[in-house]
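Visitor: Here you go, sequence then predicted model.
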Amino acid sequence: MSTVVDTHHEHDDHHDHKPTGIKRWLFTTNHKDIGSLYLLFSFLMFFAGGTMALVIRAELFQPGMQIVDPHFFNQMTTMHGLIMVFGAVMPAFTGLANWMIPMMIGAPDMALPRMNNWSFWILPFAFIIMLSSMLMPGGGPAFGWTFYAPLSTTYSTDSTALFVFAIHIMGISSIMGAINVIVTIMNMRAPGMTYMRMPLFVWTWFITAFLLIAVMPVLAGVVTMVLTDKYFATSFFDAAGGGDPVLFQHLFWFFGHPEVYIMILPSFGIVSAIIPAFARKPLFGYASMVYATAAIAGLSFLVWAHHMFTTGMPVFASLFFMYMTMLIAVPTGVKIFNWVSTMWRGSMTFEPPMLFALAFVILFTIGGFSGIMLAITPVDFQYHDTYFVVAHFHYVLVSGAVFSIMAAAYYWLPKWSGFMPDEGLAKLHFWCSVISVNILFFPMHFVGLAGMPRRIPDYALQFADINAIVSVGAFLFGFSQLIFLAVVVKCMAKKGQAAVAKPWEGAEGLEWDVPSPAPYHTFDTPPKIEAPIR
Amino acid sequence: MKARLYRVLTAALVLFVMPAAFAESLQINLPRGATEVSNSVYSLHMYVFLVCVIIGVIVFAAMFWSIIRHRKSRGAEPAKFHDNVRVEIAWTVIPFLILIAMAWPATSLLLDMDDTDDSDLTVLITGSQWRWDYEYFDYDVQYRSSMATMRDQVYANLPKGENYLLEVDRPLVIPTNRKVRLLITSDDVIHSWWVPEFAIKKDANPGYINEAWTRVDEPGIYRGQCAELCGRDHAFMPIVVIALEPDDFEEWATNEETRLAEEREEEERLLSMQMTMDELMTLGESVYNAQCAACHQPNGQGVPGVFPALAGEGVSVDSDGLNDHIDTVANGVQGTAMQAYRDQLSMRELAAVITYERNAWQNDTGDEVQAADIHNYIQGDN
Amino acid sequence: MSEQHSKPDNSKMITRLLASVVLMFAFGFALVPLYEKFCEVTGFNGRTNNSAAAGSDGNLVDTTRLVTIEFHTRVNRGLPWEFSSEVRRLQVHPGETTTVNFTASNHTNRDMTGQALPSVAPGEAAPYLLKTECFCFQNQPLAAGDTAVMPMQFYVDPDIPNHIRTFTLSYMMYDMTEAAAQGRVVVDTSE
């Protein structure tokens, strides 16, 4: 961590009198410092959540209970989900937003730097609380990351109180981050940086931030109801008191579905920056990309109950949610077609960021296809809560969101650290990841179709062979990420080839106008934007 | 071990090299199932899947074409275009039309699946942690169905049978070629009743009832399991349905009615019978292991913070707590996983298991509970 | 910070965004009554009316068709009661007023209070089941050893869609002894 600090120090901090050591990080209001903190924190959480996934896959390697107790297994699936969603993917995007949005729009910092410090620093506490709840008698949350009532209320252990508290803190952190992004984008753009000139990463984050503002408070409301149902005798979700457990699912997925897009829209922005850079050709259909993103965000509020087709909804509701969900395929398709057209008749090279971006397009599209299949209500009855669903959302979240974050890291590491990521290691990381991720998740489609429910610690014998393959893939994928760690550490240790201001030939954008590594303060004097930057 | 490795390798080959050819031998697709609806679901699934594959092939072909042909190392010069309204309209409208082509059959199938009217038989299914109760509306028959796989197969890696985790002590029995209406609810948390070969998956929501229907074409044994995370033993609440020819079913149901009635009579008659301590303990242990050990553990230690221990603490060692003990086992405890056993176990079994809990694991209260005590308690004569 | 980056609107914008956050938090809670209302109108979750409906207009009895109603009763765990309905199946003409008796017995030596909560499948039928009198509108106190016969008088709304020919009414009896002692009422009949 401190290596990165020193990098900034030596190069460009001579005029700045900021505290050194731990105090610098605790009290920092600098968007680049906070961005680094977010990214490193999410990297740590990625390994924590990944370790839990390996516990799950080790238990599932063969039929029978060998390693853990079923109750602990449930804690693992729950914590794995919560950590990956709230600890790895979301903070990584917030970190990227912190680092890149001010530089991309020619602003000197985020609009609300002190709040920025807060929104990061409450996050580690949330996760310490949540992880430590596993030490309580009866263990931590074991009701799945979706915490369906009444399993999470009447029938849960007392760690639920800590879980609720942790979720509240994470929510507050996300909301503060989102407010910061919106105010920054609306008020701090350099002269000439009109909305329709903004890079797509900025656009997608802008829309994501509004989604966060809209749904994180609803999540806060739901966990509050869970808390009062459990401890204060309310009956929001308790049938005995006149409540309805299905109401929980409506409220949760009203948050949960937009949340899914919160975790993928910034990816669209990243890929829309990387593909043109390495195809050496402007992004195809910039305006339609913006509109498609907005359409996806809007539709995300009208599709929540497609997670609930088996709850026994009246048929008119099932039909409505099926049609709405299928509609999302249209704007999503537009994006994929735009990326392919950007490559078409380009002049492509395949550096690590591009490799990950290309893998993103293919694998995310596969996840999109299984998404369309899941939208079809009558067949969803068969897919629902099976490994087919697990395969689907890991395709869009791991080979989708996580791959895009890795692409972003490779793309911008030269700017952050001043050093080029080791190309040999990076390509090794790519090929190991892309092969193992498919060994890991592709067979899950089959085992799900064959009838294996999700969230089970033990399974019938006909699922054994495929599960063994999946577990092998999981360990390969998990250990492949150590290569990524090596690349990042090498850059932070200032080893390797020094980066020039614009290390990628075809890259566009203001961030490439500043030296590498980016000085501690950039764009104190705003740049003047004459032509569209894409 | 070697055989297993070989099987894994074969499976890997099948998965990645020749999926279609081996799809039948290694189950990697939805089952066609045993009903008209499940066959329609299968066809719709294959149809949507094929449409996705075709679109995928076209999109990925275009992408790989440019990856191969339009690379800088081959001297490709980048073109300058970045917009084309006509193309963009086309790829908005065409997917929309394709979606309509998928939504059409989906809608009609869904409407069909939703129509539970004019059924010939109604069965009420109640999920509870971690068992299913079946109750026939048209016959005086109701019983509980629990997993039959032995604990040691799960935890001690004893050799596993063919239907490992998918076998129950008392399957649901339904007639073929009859429209069976299933009402589904739960006693505690949300469960989900799923039999893939009927293409039925319906959540069991506590306090609310859901419905589904099926008409099975062929007699046979159909297996499924709970599909909604419902706590610790979610993986261990399978479903087995036996479909019988209507006549055979009629016979089964009447026999079952008679048998259950006789059992109740027999029970009344045997109330006065005293069992010896040894008999009580032996029967009690087997009932305990079948019904109680999953939560309270075979050694009575429970799971701290989740399931209370019975050994050395609580109601089972409280010498004044006998009635509370009977109450807990017979009626269950609201808002916990402790379910009511009075309709699921006979008076003798209840007496035996309570005696066992009060005397096993050095609890040694010396209490002997007889069927008559249980009867008196439940009938309020205490 | 340079002049060009002056941010006069920041505080206004933050106020607005925070207001939206508060609004959305409140909206989450507002969804609870909205959902209940929505269910009441559409039968979305299968709950029936929990207060007495106006009586049926005898002239509106639709003798051209019959609707089959199945009755089901169940006692929640922890409640040592017996609870049953006198019939399991009944055919009625829409609009025709019928009474079905339910019986509850408390075999314990304690005075207890129960509450029966209805659920209808398919939920679509729920708004058409109109109860003019029902034990389910309030708590059922039952003294130790007592048995109570509890009537439910109802009619099926003649507007019930033709395609609903059968529906099930299920009652789950919950133990409300503690809640009643604390003065908490489950089903609010005040409206």
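Guide: That came in fine, so what should we check first?
Visitor: contacts, neighbours, all on C-alpha from now
Guide: OK.
Visitor: How is C:T132 assigned, secondary-structure-wise?
Guide: strand (DSSP: H, G, I helix; E, B strand; the rest coil).
Visitor: Please verify my assumption that it contacts C:D157.
Guide: No - using CA atoms under 8 Å as the test, C:T132 is too far from C:D157 to be in contact (11.7 Å).
Visitor: in the stretch 1-150 of chain B, what residue is nearest chain C?
Guide: Going by CA to the nearest CA, chain C is nearest to B:D117 of the stretch 1-150 of chain B, at 5.9 Å.
Visitor: and if you look at chain B?
Guide: Taking CA to the nearest CA, chain B has B:V333 as its residue nearest chain C, at 4.2 Å.
Visitor: In contact with that residue, which residues?
Guide: The contact partners of B:V333, by CA atoms under 8 Å, 6 or more residues apart in numbering or on different chains, come to B:339-340, C:77-79.
Visitor: confidence score at it?
Guide: With respect to pLDDT, B:V333 has a value of 84.
Visitor: roughly how far apart are it and C:L18?
Guide: Using CA to CA, to the nearest Å, B:V333 is found at 44 Å from C:L18.
Visitor: what about B:A340, which SS state?
Guide: Three-state assignment for B:A340 (three-state DSSP): coil.
Visitor: Can you pull up the residues of chain C that come close to chain B?
Guide: C:45-47, C:76-80, C:88, C:107-109, C:117-122, C:145, C:163-166, C:170, C:172, C:175 (CA under 8 Å from any CA of the partner chain).
Visitor: Just the buried residues of the residues you listed.
Guide: For the residues of chain C next to chain B, a neighbour count by 16 or more other CA atoms under 10 Å in any protein chain shown gives the buried set as C:45-47, C:76-80, C:88, C:107-108, C:117-122, C:145, C:164-166, C:170, C:172, C:175.
Visitor: what's the burial count for residue 85?
Guide: Going with chain A. Residue neighbour count, defined by other CA atoms under 10 Å in any protein chain shown, stands at 20 for A:V85.
Visitor: Chain C, not that one
Guide: C:S85 has 18 nearby residues by other CA under 10 Å.
Visitor: Now that it has come up, it's in contact with C:T99, right?
Guide: No - using CA under 8 Å, C:S85 is not in contact with C:T99; the gap is 11.2 Å.
Visitor: Can you show me the helices along chain B?
Guide: Ranges of helices in chain B, per DSSP state H, are B:2-16, B:19-22, B:36-69, B:85-114, B:151-155, B:246-270, B:277-287, B:293-296, B:322-331, B:347-359, B:371-378.
Visitor: Could you list every helix and strand in contact with the third one?
Guide: Other helices and strands packing on helix B:36-69, by 3 or more CA pairs under 8 Å, 6 or more residues apart in numbering or on different chains; DSSP states H and E, are helix A:315-343, helix A:352-375, helix A:377-383, helix B:85-114.
Visitor: Just the buried residues of the first one, please?
Guide: In this case it means helix A:315-343. Buried, per 16+ other CA under 10 Å, within helix A:315-343: A:315, A:318-319, A:321-343.
Visitor: C:S170 belongs to a helix?
Guide: No - counting by three-state DSSP, C:S170 is not found in a helix; it is strand.
Visitor: and it, what does it touch?
Guide: By CA under 8 Å, 6+ apart, the contact list for C:S170 reads B:209, C:71-74, C:118-120.
Visitor: Next SSE downstream of whichever strand or helix holds A:H392?
Guide: Taking DSSP states H and E as the criterion, A:H392 maps to helix A:387-396. Per DSSP H and E, the first helix or strand lying C-terminal to helix A:387-396 is helix A:403-417.
Visitor: how about the residue in chain A that chain B sits nearest to, secondary structure?
Guide: Going by CA to the nearest CA, chain B is nearest to A:G138 of chain A, at 3.7 Å. Here A:G138 is recorded as coil under three-state DSSP.
Visitor: Please tell me the pLDDT value assigned to it.
Guide: Per the predicted model, pLDDT is 85 at A:G138.
Visitor: Endpoints of stretch A:301-316, how far apart?
Guide: Stretch A:301-316 has an end-to-end distance of 18 Å (criterion: CA to CA).
Visitor: Now do the buried residues in it.
Guide: Within stretch A:301-316, judged by 16+ other CA under 10 Å, the buried ones are A:301-315.
Visitor: which residues touch residue 131?
Guide: Chain wasn't specified; assuming chain A. For A:L131, the contacting residues are A:79, A:140, by CA under 8 Å, 6+ apart.
Visitor: my bad, chain B
Guide: B:144-147, B:237-238 are the contacts of B:R131 under CA under 8 Å, 6+ apart.
Visitor: any idea which of the helices of chain B is most buried?
Guide: Counting by mean count of other CA atoms under 10 Å in any protein chain shown, helix B:347-359 has the highest mean neighbour count of the helices of chain B, with a mean of 26.
Visitor: Quick check: the residue of chain A closest to chain B vs C:V156, distance?
Guide: From A:G138 to C:V156 the distance is 49 Å (CA to CA).
Visitor: what about these two, which has more around it?
Guide: Per other CA under 10 Å, whichever of A:G138 and C:V156 has more neighbours is C:V156, with 25 against 20.
Visitor: On the three-state scheme, the residue in chain C positioned nearest to chain B is what?
Guide: Chain C approaches chain B most closely through C:G78 (4.2 Å), counting by CA to the nearest CA. Secondary structure, three-state DSSP: C:G78 is coil.
Visitor: where in the stretch 151-300 of chain B is pLDDT low?
Guide: Residues of the stretch 151-300 of chain B meeting the criterion pLDDT under 70: none.
Visitor: hmm, which two among the buried residues of stretch A:301-316 are most spread apart?
Guide: Largest separation among those by CA to CA: A:F301 and A:G312, giving 20.5 Å.
Visitor: A:G312: what's it in contact with?
Guide: B:202-203, B:210-211.
Visitor: at 6 Å what do you get?
Guide: Taking CA atoms under 6 Å, 6 or more residues apart in numbering or on different chains, we find A:G312 in contact with B:N210.
Visitor: nearest to A:G256, of the helices of chain B?
Guide: helix B:85-114 (24.2 Å).
Visitor: what distance separates the closest one from the centre of its chain?
Guide: 34 Å (CA atoms, centre = their mean, to the nearest Å).
Visitor: go on, stretch B:72-91?
Guide: Offset of stretch B:72-91 from its chain centre (CA atoms, centre = their mean): 53 Å.
Visitor: do the same with stretch C:24-32
Guide: The answer for stretch C:24-32 is 21 Å, by CA atoms, centre = their mean.
Visitor: Could you check it against chain A for contacts?
Guide: Yes - applying CA under 6 Å from any CA of the partner chain, one finds that stretch C:24-32 is in contact with chain A at C:24-25, C:28.
Visitor: From chain C, how far out is the nearest residue to A:F254 once chain neighbours are set aside?
Guide: Excluding the flanking residues, the one nearest A:F254 by CA to CA, 6 or more residues apart in numbering or on different chains is A:W304, at 5.4 Å. Per CA to the nearest CA, to the nearest Å, A:W304 is found 14 Å from chain C.
Visitor: Same question for A:T157.
Guide: Separation of A:T157 from chain C (CA to the nearest CA) stands at 19 Å.
Visitor: hang on, that residue in a helix?
Guide: No - using three-state DSSP, the assignment for A:T157 is coil, not a helix.
Visitor: per-residue confidence at it?
Guide: A:T157 is assigned 89 on the pLDDT scale.
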